[in-house]
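> please work out how this folds:
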Amino acid sequence: MKEKFYLTYPPALVKQPIIYLLVKKFDLIPNIRGANVSEEMGLLAVELEGPQEVIDSAVVWMRSQGVTVEPIEKNVIE
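Below you'll find the model as predicted:
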């Protein structure tokens, strides 16, 4: 399964290795499709590949860390 999301990081998380932790914790395959990171915020367009239940758990985890996670509608960044 593949799903695409916009991830928005607040200033406190910009320097945290969220994608690395996502891979280690959930064994997902991330594909960063676009990114804009500054000292004030981070915005990533990312595709996550893996079992649906694992992707769902990863989204819950990222939100619990303070990352805003929004689904990207199909074909927006293809």
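> and the helices in the protein?
Taking DSSP state H as the criterion, the chain carries its helices at 18-26, 52-65.
> packing partners for the longest one?
This points to helix 52-65. Applying 3 or more Cβ pairs under 8 Å, 6 or more residues apart in numbering; DSSP states H and E, we find helix 52-65 packed against strand 2-9, helix 18-26, strand 68-71. In short, each C-beta sits where N, CA and C put it, glycine included.
> got TSV for the ones you listed, with mean pLDDT, distance to V59 and mean neighbour count too?
Putting the helices and strands packed on helix 52-65 into TSV (pLDDT from 0 to 100; distance: least, Cβ to Cβ, whole Å; neighbours: other Cβ atoms under 10 Å) gives the following:
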stretch	mean pLDDT	distance to V59	mean neighbour count
strand 2-9	95	7	18
helix 18-26	94	10	15
strand 68-71	96	5	13
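> for S38, find the nearest of these.
Among the helices and strands packed on helix 52-65, the nearest to S38 by Cβ to Cβ is strand 2-9 (10.1 Å).
> strands paired with that closest one, and their directions?
With DSSP bridges as the test, strand 2-9 is paired with strand 42-49 (antiparallel), strand 68-71 (antiparallel).
> tabulate the helices and strands packed on helix 52-65 (JSON lines), appending distance to R33.
Listed next are the helices and strands packed on helix 52-65 as JSON lines, based on distance: least, Cβ to Cβ, whole Å:
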{"stretch": "strand 2-9", "distance to R33": "7"}
{"stretch": "helix 18-26", "distance to R33": "12"}
{"stretch": "strand 68-71", "distance to R33": "13"}
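> appreciated, that's everything.
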